[in-house]
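Undergrad: Sequence and predicted model, in that order:
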Amino acid sequence: MYMGRVGSSSESEIVRELHGARVVLTGLSATSGVDVVRAFADIKARLVIHTTDLSPEVTALIAFVSQTASEIKLYTDPLADADAAVRFAQGAAKAYGGLDAVINLASISAADMTGIASEDSVEALVSSKLTPLAHLTGVTANRMRVVLNEGMILNVLTLPHARNGREMAITSYARAALAAMTKSEAQTWAPQGIRVNAVGPRVMATGGHSEGACLTNEPDIAALAIYLASRRGRGLSGHVFDSDGIALRGE
């Protein structure tokens, strides 16, 4: 069970608390979000899953977690713009009468970074990944507000470990943009009791060393998401948690 990564002393308490929690997960694919959806299914959450990956692997995963989750609703229409995000959020909130936690997944792959050579192209790449997360944050937080439902939103942006100066520049820009977005959204929704946090790529300190603990795999992200969704995480908002070298499976 993934909760062992949070701490065995709190495991049963959190499992009881989040049993039946209404949880949205967007960005699921065969290479991203598998451990997160399994972790919430294991604690009997009611899941709203969005994916555009209809591969046999994802189909098998949905069938598998359907056996443990309390309920599952699956959405497969693309979230290509703000209007689509609004429709999805409305449907997700209506499915179970509200939302308790939302986890939005995005990734910048090594292939995405190939050929990025100017400041404008870096900005365009990062914007293409963060804009959907911003739309989803705003519309799902608004649905929580409408039904007077305090909740948690976690935006996850993962990148592979930077291999050169160009990739480090992209990583640094992505981290800074994600941090600015997270701080702004956390401040906006704090009066409604809605918490907004993120997982972003760690930026190495001068000299190539790093400080403090960080998330190194997807089960770590799953455990963090469960912790933040629980009462124990209710004092945390506006934070960007470090990840290092978490990329698409098999990349």
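TA: In hand now; what should we look at?

Undergrad: State the pLDDT value of residue 4.
TA: For residue 4, the model assigns a pLDDT of 45.

Undergrad: Then residue 14?
TA: 83.

Undergrad: Distance check, it against residue 238.
TA: Residue 14 is 22 Å from residue 238, where distance means CB to CB, to the nearest Å. Using the backbone N, CA and C atoms, a C-beta is placed for each residue, glycine as well.

Undergrad: So those two - more neighbours on which side?
TA: More neighbours surround residue 14 than the other of residue 14 and residue 238, with 21 against 16 (other CB atoms under 10 Å).

Undergrad: For that one, what is the enclosing helix or strand?
TA: helix 8-18 (DSSP states H and E).

Undergrad: go on, residue 85?
TA: helix 82-96.

Undergrad: Please list the residues outside the helix or strand just after that helix that contact it.
TA: Where DSSP H and E defines the elements, the next helix or strand beyond helix 82-96 is strand 101-107. The contact list for strand 101-107 (CB atoms under 8 Å, 6 or more residues apart in numbering) reads 21-28, 32-33, 36, 129-130, 132-133, 136-137, 140, 151-159, 225, 228-229, 247-248.

Undergrad: So which of those residues sit within strands?
TA: When DSSP state E is applied, the contacts of strand 101-107 are split such that 22-26, 151-158 fall in strands.

Undergrad: tell me which of the residues you listed is nearest to residue 61?
TA: residue 25 (11.4 Å; CB to CB).

Undergrad: Can you give me the distance of the closest one to residue 38?
TA: 11 Å.
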